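> Next comes the sequence, and after it the predicted model I'd like to discuss.
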Protein chains: 2
Amino acid sequence: MMKKETKNIALKRLSEHLSEKKLRATSQREIILGTFIDLGRHTTAEELYEALKKFDSSIGHATVYRALRLFVDAGIARELNFNDGSVRYESVIGKEPHDHIICKKCGAMVEFLDEKIREAQDEIAKKYGYSIKNRSHILFGICPKCRR
Amino acid sequence: MMKKETKNIALKRLSEHLSEKKLRATSQREIILGTFIDLGRHTTAEELYEALKKFDSSIGHATVYRALRLFVDAGIARELNFNDGSVRYESVIGKEPHDHIICKKCGAMVEFLDEKIREAQDEIAKKYGYSIKNRSHILFGICPKCRR
DNA sequence: ATTGGTGCAAAATTTTTGCAGTTGC
DNA sequence: GCAACTGCAAAAATTTTGCACCAAT
């Protein structure tokens, strides 16, 4: 999927969420969302803030943090915690759901999707009566390059 | 498994790790480990520090943080990140490996073990040539009580 | 006009680090 | 005695909050 298209879908979803929740459409939210999508993935609030400064220096830290939370609420982004000090965010637009396997040495990361795991998660949730809101599944290890 | 026994195994493992790595056995490390095991589970550094203050007020924050890292290195504890602000630690002694499903409303938590998921994880790792060091698998949802 | 949003700076939290003094080996 | 360990306080890093002003509806 093209990034342009992804961005449009994300903006549309944001706009829907805002009217649904009677929140306001601001230029900052649009700019932050656009930059977030451009950056690609696994972005921290600080990285996003730095990227924003490059072409609009007037957006503050707090606004970035608040926007990221908004994107999560709107179903545009999700939180990831790689235990590296800060929370990371990833766009869920135009992507299949997936999990991560990460090299503890060099950070090399692979995204994978396993149907059996998905189904087993759903079974577990059903068994205990939980409804799943989100799934955090990250494997940490050593990649082939670093092991050699 | 009795807690006393768990504690003994943990202390033994610590002692082995210390001599293996040529590190030193200190009373603080023993006390911290004992208290950590007593507390049970999913403990933050701060919670552990507070518990320690109750009967030995002289142990500092830094020592607790350093001890927890040591316990992870020694294979006594593992890190858990429930996205609630701070890293939590759990003893792995005397427990089957397991994952967690947590209620986002009330925090109610169930531990589960699913062989199919374990196997699928191993297959994924093999497929991409990674050797798994640790697994972080947490499902977030709403528990039956909170949904009613 | 009303209410939510923003930017800023301060505060709160969590974790790490530097260092002088202590202790295990 | 040497090097590791500790406690403390300061610093670093991340995130939240209070508030005066601004802007969307």
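Right, received. Where do you want to start? Quantities reported herein were computed from a predicted structural model and do not represent experimental measurements. Numbers count the residues shown, from 1 in each chain, chains lettered A, B, ... in the order given.

> For A:Phe82, give me its contacts.
Counting by Cβ atoms under 8 Å, 6 or more residues apart in numbering or on different chains, A:Phe82 makes contact with A:His42, A:Arg88, A:His100, A:Ile102, A:Ile138. To be clear about C-beta, it is placed using only N, CA and C from the backbone, and glycine gets the same treatment.

> Show me which of the residues you listed is closest to DNA strand C.
Distance to DNA strand C across the contacts of A:Phe82 (Cβ to the nearest atom of the strand) is lowest for A:Arg88, with 15.5 Å.

> I figured the closest one hits A:Arg78, correct?
No: assessed by Cβ atoms under 8 Å, A:Arg88 is found out of contact with A:Arg78, at 9.6 Å.

> and the helix or strand harbouring A:Thr35, average pLDDT?
With secondary structure defined by DSSP states H and E, A:Thr35 is part of helix A:27-39. The average pLDDT within helix A:27-39 is 97.

> do the next helix-or-strand element following it and chain B meet?
Along the chain past helix A:27-39, the next helix or strand (assigned with DSSP H and E) turns out to be strand A:43-44. No: no part of strand A:43-44 sits near chain B under the criterion Cβ under 8 Å from any Cβ of the partner chain; the closest distance found is 14.1 Å.

> Mind giving me the packing neighbours of strand A:43-44?
strand A:88-91 (3 or more Cβ pairs under 8 Å, 6 or more residues apart in numbering or on different chains; DSSP states H and E).

> check whether the strand it packs on contacts chain B.
No: counting by Cβ under 8 Å from any Cβ, chain B has no neighbours in strand A:88-91; the shortest distance is 11.2 Å.

> ok, the closest residue to A:Pro97 other than its chain neighbours - contacts?
Of all residues not flanking A:Pro97 in the chain, A:Leu113 sits nearest, at 6.6 Å (Cβ to Cβ, 6 or more residues apart in numbering or on different chains). By Cβ under 8 Å, 6+ apart, A:Leu113 lies in contact with A:Glu96, A:Pro97, A:His98, A:Asp99.

> about what we covered before: make CSV out of the contacts of A:Phe82 and add neighbour count.
CSV is the format used below for those (neighbours: other Cβ atoms under 10 Å in any protein chain shown):
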residue, neighbour count
A:His42, 17
A:Arg88, 19
A:His100, 18
A:Ile102, 23
A:Ile138, 19
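
> Would you pull up the residue in chain A closest to DNA strand D?
At 3.2 Å from DNA strand D, A:Ala62 is the closest residue in chain A, using Cβ to the nearest atom of the strand.

> Tell me if that residue really is in a helix.
Yes: under DSSP: H, G, I helix; E, B strand; the rest coil, A:Ala62 falls within a helix.

> What about the residue nearest to A:His98 when sequence neighbours are not counted, how many residues nearby?
Take A:His98 and drop its neighbours on the chain: the residue closest to it by Cβ to Cβ, 6+ apart is A:Glu111, 4.3 Å away. Neighbour count of A:Glu111, defined by other Cβ atoms under 10 Å in any protein chain shown: 13.

> Can you give the domain ranges for chain A?
The record's domain split for chain A, according to automatic domain parsing, is A:3-91, A:99-147.

> Looking at the helix or strand hosting A:Val72 now, give me its mean pLDDT.
Secondary structure from DSSP H and E places A:Val72 in helix A:61-73. In this model, helix A:61-73 has a mean pLDDT of 98.

> if we can go back for a sec, quick check: beta-bridge partners of the residue nearest to A:His98?
A:His100 (DSSP bridges).

> In contact with it, which residues are there?
By Cβ under 8 Å, 6+ apart, the residues touching A:Glu111 are A:His98, A:Asp99, A:His100.

> Try it again at 10 Å.
A:Arg41, A:Glu90, A:Lys95, A:Glu96, A:Pro97, A:His98, A:Asp99, A:His100, A:Ile101 (Cβ atoms under 10 Å, 6 or more residues apart in numbering or on different chains).

> If you count contacts, what does the longest helix seen in chain A end up packed against?
The longest helix of chain A (DSSP state H) is helix A:3-20. Judged by 3 or more Cβ pairs under 10 Å, 6 or more residues apart in numbering or on different chains; DSSP states H and E, helix A:3-20 is in contact with helix A:27-39, helix A:61-73, strand A:88-91.

> Does A:Thr43 touch A:Ser91 like I think?
Yes: assessed by Cβ atoms under 10 Å, A:Thr43 is found in contact with A:Ser91 at 8.8 Å.

> Identify the contacts common to the two.
A:Phe36, A:Ile37, A:Ala77.

> Next, work out how far apart the first one and chain B are.
Read it as A:Phe36. 19 Å (Cβ to the nearest Cβ, to the nearest Å).

> can you pull up the bridge partners for the residue nearest the centre of chain A?
With distances taken as Cα atoms, centre = their mean, the residue of chain A nearest its centroid is A:Glu90 (1.8 Å). Beta-bridge partners recorded for A:Glu90 (DSSP bridges): A:Arg78.
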